[in-house]
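Enquirer: Turn this into a structure:
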Amino acid sequence: MKITVAIDSFKGSLTSSEAGNAVREGILRAVPDAEVSVYPFADGGEGTTEALVSGLNGQYREVRVSDPLGREICASYGILPDGTAVIEMAAASGITLVSPEERNPMITTTFGTGQMIKDAVLYGCRKFIIGIGGSATNDGGTGCLQALGFELLDREGKMISPGAAGCSEIFSVNAGHILPELFECSFYLACDVKNPLCGENGCSAVFSPQKGAVPEMIPVMDGYLKNFAEVTKKFNPAADPDFPGAGAAGGLGFALVSYLNAETEPGIEMIIRETGMEEKIKESDIVITGEGCIDAQTAMGKAPSGIAKAAKKYGKTVIAFSGSVSWDARECNNHGIDAFFPVIRRICTLDEAMDKTTAAENISDTAEQVFRMIKAVEDYTQETK
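Expert: Numbering: from 1, shown residues only. All right, here's what the predicted structure looks like:
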């Protein structure tokens, strides 16, 4: 029995690798002679770097950067064998780097993300894959641009403030001091968000509340970002604040496309292509996927549905494991996931369920029982032939 495991992280609990290895352990208890291959996987958000570095035998590079509030931290990004840099913006500008009490999108900045890009450029990288999920920011990507040498100036010719607040100050853009190597670089954004920069579906209205914005702050920030878009169109007439994904990562999508000619692509499709996952799936008998919570949204382009879609091209059985499932999770059965199983095995608190050791044990124990059933059915089928 040949099994491929490509399971997304159980966010806040287990990484993709940890969850996958837990599945493998459980399967081998039930079917000791199974050939189980674990591949870290992600959809362009958390775990993207791990998925690509592990899948393509890359390496990690550490760099000192600013977090969303300007504090120095150590962040890492990946470098693939062909020199491609793989960067998760959340490593420098992510919401998990800021405590709930500190979250304020008026002042949080993507400057650290720009520092990571700059380091990779100076290291020699010319192709970039950037995952732009999980941000703590709503600055339109202005901080990132500043770190790369773009001068975003107010009416007096001074540098703007960090955060969304700075977008209200922008009057002009000077690109005379950007890294010259940027002209040699190509940027590909793993982006599953379709929101525009501004408006009722823009990043301020939809995403900023989870980043600390209070209701009265939202229309103000939206106006600030509209000002940034207007100034950007003077710099680059082709800039479009309404393209799907402009509002990703608090507007970082808009900045990277408008100023660096970045291209966007659904994260799942990018990861599957770059890692050659389809070939691995093609050679399998059973494919295992999953994530922390399976619901109807899982079927709408998240990592497990991407794996299921690839598996169904070759008629493979797809099983998913998750920490929990919602009432509408059955929709996943219509999108290639043949069966899904929640792994919680007893009544417990959320903190208990999220504990790494407990979560890994729950996944292993559930996988074991599922594959004991599969083996029993296979044995019975063989006996009755």
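Enquirer: what's the average pLDDT for the strand or helix carrying residue 363?
Expert: For residue 363, the host element (DSSP states H and E) is helix 356-383. Helix 356-383 carries an average pLDDT of 93.
Enquirer: helices or strands next to it in the packing?
Expert: Packed against helix 356-383 by the contact rule (3 or more CB pairs under 8 Å, 6 or more residues apart in numbering; DSSP states H and E) you find helix 16-30, strand 317-325, strand 339-342, helix 350-354. From N, CA and C alone the C-beta is placed, and that goes for glycine too.
Enquirer: buried ones in the shortest one?
Expert: So the one you mean is strand 339-342. Residues 340, 341, 342 are the ones in strand 339-342 that count as buried (16 or more other CB atoms under 10 Å).
Enquirer: Can you name every helix or strand that that strand contacts?
Expert: strand 286-294, strand 317-325, helix 356-383.
Enquirer: any chance of the ones you listed in a markdown table, plus distance to residue 113?
Expert: Formatted as a markdown table, the helices and strands packed on strand 339-342 follow (distance: least, CB to CB, whole Å):
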| stretch | distance to residue 113 |
| --- | --- |
| strand 286-294 | 24 |
| strand 317-325 | 29 |
| helix 356-383 | 28 |
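Enquirer: Mean neighbour count for the ones you listed - can I get that in JSON lines?
Expert: Shown next, in JSON lines, are these (neighbours: other CB atoms under 10 Å):
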{"stretch": "strand 286-294", "mean neighbour count": "25"}
{"stretch": "strand 317-325", "mean neighbour count": "23"}
{"stretch": "helix 356-383", "mean neighbour count": "16"}
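Enquirer: Could you find the closest non-adjacent residue to residue 291?
Expert: Nearest in space to residue 291, with sequence neighbours left out and distances taken as CB to CB, 6 or more residues apart in numbering, is residue 8 at 4.0 Å.
Enquirer: Could you do residue 370 as well?
Expert: Spatial nearest neighbour of residue 370, chain neighbours left out: residue 341 (6.1 Å); criterion: CB to CB, 6+ apart.
Enquirer: Next: residue 124.
Expert: Nearest residue to residue 124, sequence neighbours excluded (CB to CB, 6+ apart): residue 83, at 6.6 Å.
Enquirer: who wins for proximity to residue 273 among the helices and strands packed on strand 339-342?
Expert: When the helices and strands packed on strand 339-342 are compared for distance to residue 273 using CB to CB, the nearest one is strand 286-294, at 16.9 Å.
Enquirer: what's the angle between the following helix or strand past the closest one and helix 16-30?
Expert: With elements assigned by DSSP H and E, the helix or strand that comes after strand 286-294 is helix 303-312. Using axes from the mean of the first three to the mean of the last three CA atoms, to 10 degrees, one finds that helix 303-312 and helix 16-30 are set 60 degrees apart in direction.
Enquirer: Can you say which of the helices and strands packed on strand 339-342 is nearest to residue 243?
Expert: With CB to CB, the closest approach to residue 243 among these belongs to strand 286-294: 27.4 Å.
Enquirer: For that closest one, which helices and strands make contact with it?
Expert: Judged by 3+ CB pairs under 8 Å, 6+ apart, strand 286-294 is in contact with strand 2-5, helix 16-30, helix 303-312, strand 317-325, strand 339-342.
Enquirer: Can I get that strand in PDB, CA atoms only?
Expert: Coordinates of each C-alpha in strand 286-294 appear next as PDB, following Å, rounded to 0.1, in the frame of the first residue of the first chain:
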ATOM      1  CA  ILE A 286      -4.300   6.600  -1.200                       C
ATOM      2  CA  VAL A 287      -3.800  10.300  -0.600                       C
ATOM      3  CA  ILE A 288      -4.100  11.800   2.900                       C
ATOM      4  CA  THR A 289      -4.700  15.500   3.400                       C
ATOM      5  CA  GLY A 290      -6.400  17.800   5.900                       C
ATOM      6  CA  GLU A 291      -6.100  20.900   8.100                       C
ATOM      7  CA  GLY A 292      -7.100  22.200  11.500                       C
ATOM      8  CA  CYS A 293     -10.800  22.700  10.700                       C
ATOM      9  CA  ILE A 294     -12.700  21.300   7.800                       C
END
